[in-house]
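Undergrad: predicted coordinates and the sequence they were generated for:
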Amino acid sequence: MYIKPSIAQLAPYVPGDQPPKSKSLIKLNANENAYPPSLVVEELLRTFDYANLRYYPDATSQSLRRAIADRHSCPQEHVFCGNGSDEIIAYLFQVCFEEQDSIATPYPTYTLYKTIADIHRIHTEYVPAQEDYSIDVEALVKTNAKGIFIANPNAQTGLLLGMDAIEKLLQAYQGLVVIDEAYIDFAPAHASAASLVDHYPNLVVLRTFSKSYSLCGIRVGYCLADRSLVMALDKCRDSYNVSTLSQAMAEAALKDQAYLLSTVQRVIATRERVSQALQLMGFSVLPSAANFLLCTPPHDQAKGMYEYLITHQVYVRYFNSPRLSDKLRISIGTDEEMDVLLSLLSKYI
Ligand code: PMP
């Protein structure tokens, strides 16, 4: 069977350990939400007429796009829905870049940008974060790449790039700017670039139902963008890219903003408590605006800790790459789960 050499040479994308699903296991390695989805979603599933599944889904997710547009007070023509925001990232590469073009992105960041760029034979120019892991916006602009991808808050570090810096970037740079706000609901208020989409036609803001809405299992993401880009995305998407159930569940979840707020606030409160506790144990912990903490344990113990935690059924993410040497990334679980983690770590130290 012929496989294109450019694909054959790629390493498969590995999202991290995928431990067996078990109630006794504490899974803090994939930045999933600690809490279940809204009861409005459960109610929808109970009353859903399964006979409708013999019909294809609404190809353009109209009702969901309308609900998202209402939520952001923007025209519906600015909204595109995908099978997870990962799918939208892949479509952006198809729509906006030619082979041999380049994109720029800070390092470290969400590794999928480079994986998809590689699939499309697009070069990724990594711009190293500064010593304190903050993003060097000027250096990103100077690359002259055709597009810039920024996860904000940043995946891996949890650090937030301020709106001032984002506006400065948009004023200095005419190429495609993707601000991936997968974790933005865990950040302080008014940190989102969503309202800038009206003013900058080269800006795409990516969002997902996977994190703050606790719905990574249904695979729904969306982007806000200029209508010409939304039209282009519609031309290359899979014919029915978001399933009927996924569209309905995402729309149900959007209705329950009170639940979203309450779970997000619980996650933030736990994040701050755990960050303090880790620092008291001698960890250095980056200030996070997301639902995880990137930390360095004392005395280069990250690998040993990671393995010790697994023997106690607790999974966190271990990093040992050039800018992320000997670090743990710990997703924020429930208070009870985090107490188990802290007690295991204090015994290990
Ligand atoms: N962007 C970032 C920064 C992420 O960390 C993730 C999930 N790990 C995604 C996008 C993908 O989200 P989705 O589940 O919507 O595909």
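TA: Perfect, thanks for sending it.

Undergrad: wondering if the strand ranked longest in the chain reaches the ligand at all.
TA: Scanning the chain for the longest strand, with DSSP state E as the assignment, gives strand 324-331. No - against the ligand, strand 324-331 shows no contacts by C-beta under 6 Å from any ligand atom, the least distance being 10.4 Å. The C-beta positions use only the backbone N, C-alpha and C, and glycine is treated the same way.

Undergrad: next one: that strand to chain centre, how far?
TA: Mean-position distance between strand 324-331 and its chain equals 17 Å (C-alpha atoms, centre = their mean, to the nearest Å).

Undergrad: now do that strand, average pLDDT.
TA: What strand 324-331 shows for mean pLDDT is 96.

Undergrad: so what strands line up beside that strand?
TA: In the sheet, strand 324-331 lines up against strand 292-296 (antiparallel), strand 317-321 (antiparallel) (DSSP bridges).

Undergrad: can you tell which of those is closest to the ligand?
TA: strand 292-296 (9.3 Å; C-beta to the nearest ligand atom).

Undergrad: what residues does the longest strand of the chain touch?
TA: Under the contact criterion C-beta atoms under 8 Å, 6 or more residues apart in numbering, strand 324-331 has outside partners 27-32, 34, 108, 156, 274, 291-297, 300, 302-303, 305-306, 316-320, 341.

Undergrad: about what we covered before: where among the strands paired with strand 324-331 is the average confidence lowest?
TA: Among those, strand 317-321 scores lowest, at a mean of 94.

Undergrad: around the ligand, pick out the residues from the stretch 51-200 of the chain.
TA: Residues of the stretch 51-200 of the chain lying close to the ligand (C-beta under 6 Å from any ligand atom) are 84-86, 110, 151, 155, 180, 182.

Undergrad: same list, those residues, but as JSON lines with pLDDT and distance to S102 please.
TA: Below are those laid out as JSON lines (pLDDT from 0 to 100; distance: C-beta to C-beta, whole Å):
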{"residue": "G84", "pLDDT": "98", "distance to S102": "25"}
{"residue": "S85", "pLDDT": "98", "distance to S102": "22"}
{"residue": "D86", "pLDDT": "98", "distance to S102": "21"}
{"residue": "Y110", "pLDDT": "96", "distance to S102": "17"}
{"residue": "A151", "pLDDT": "98", "distance to S102": "18"}
{"residue": "A155", "pLDDT": "94", "distance to S102": "20"}
{"residue": "D180", "pLDDT": "99", "distance to S102": "18"}
{"residue": "A182", "pLDDT": "98", "distance to S102": "23"}
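
Undergrad: among these, which are in helices?
TA: When DSSP state H is applied, those are split such that 85-86 fall in helices.

Undergrad: closest one to K4 out of the residues of the stretch 51-200 of the chain next to the ligand, please.
TA: Checking those against K4 with C-beta to C-beta, the nearest one is D86 at 21.1 Å.

Undergrad: burial measure for the nearest residue to that closest one once chain neighbours are set aside, as a count.
TA: Among residues not flanking D86 along the chain, L112 sits closest, at 6.1 Å (C-beta to C-beta, 6 or more residues apart in numbering). For L112, the neighbour count with other C-beta atoms under 10 Å is 18.

Undergrad: picking that back up, in JSON lines, list the residues of the stretch 51-200 of the chain next to the ligand along with neighbour count and distance to I116.
TA: Output for these, formatted as JSON lines (neighbours: other C-beta atoms under 10 Å; distance: C-beta to C-beta, whole Å):
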{"residue": "G84", "neighbour count": "20", "distance to I116": "12"}
{"residue": "S85", "neighbour count": "25", "distance to I116": "12"}
{"residue": "D86", "neighbour count": "20", "distance to I116": "8"}
{"residue": "Y110", "neighbour count": "19", "distance to I116": "10"}
{"residue": "A151", "neighbour count": "27", "distance to I116": "14"}
{"residue": "A155", "neighbour count": "21", "distance to I116": "14"}
{"residue": "D180", "neighbour count": "28", "distance to I116": "12"}
{"residue": "A182", "neighbour count": "24", "distance to I116": "15"}
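
Undergrad: returning to that earlier point: buried only: go through the contacts of strand 324-331 for me.
TA: 27-32, 34, 108, 156, 274, 291-297, 302, 305-306, 316-319, 341 (16 or more other C-beta atoms under 10 Å).

Undergrad: which residue comes closest to Q100 once chain neighbours are left out?
TA: R121 (6.6 Å).

Undergrad: who does V285 bridge with?
TA: C295.

Undergrad: mind listing what it touches?
TA: 275, 278-279, 293-295.

Undergrad: cutoff 10 Å now
TA: V285 sits next to 158, 271, 274-279, 293-296, 328, 330 when contact means C-beta atoms under 10 Å, 6 or more residues apart in numbering.

Undergrad: helices or strands up against whichever helix or strand comes after the longest strand of the chain?
TA: Once strand 324-331 ends, the next helix or strand along the chain (criterion: DSSP states H and E) is helix 335-348. Where contact means 3 or more C-beta pairs under 10 Å, 6 or more residues apart in numbering; DSSP states H and E, helix 335-348 is packed against strand 26-27, helix 257-280, helix 302-311, strand 314-315, strand 324-331.
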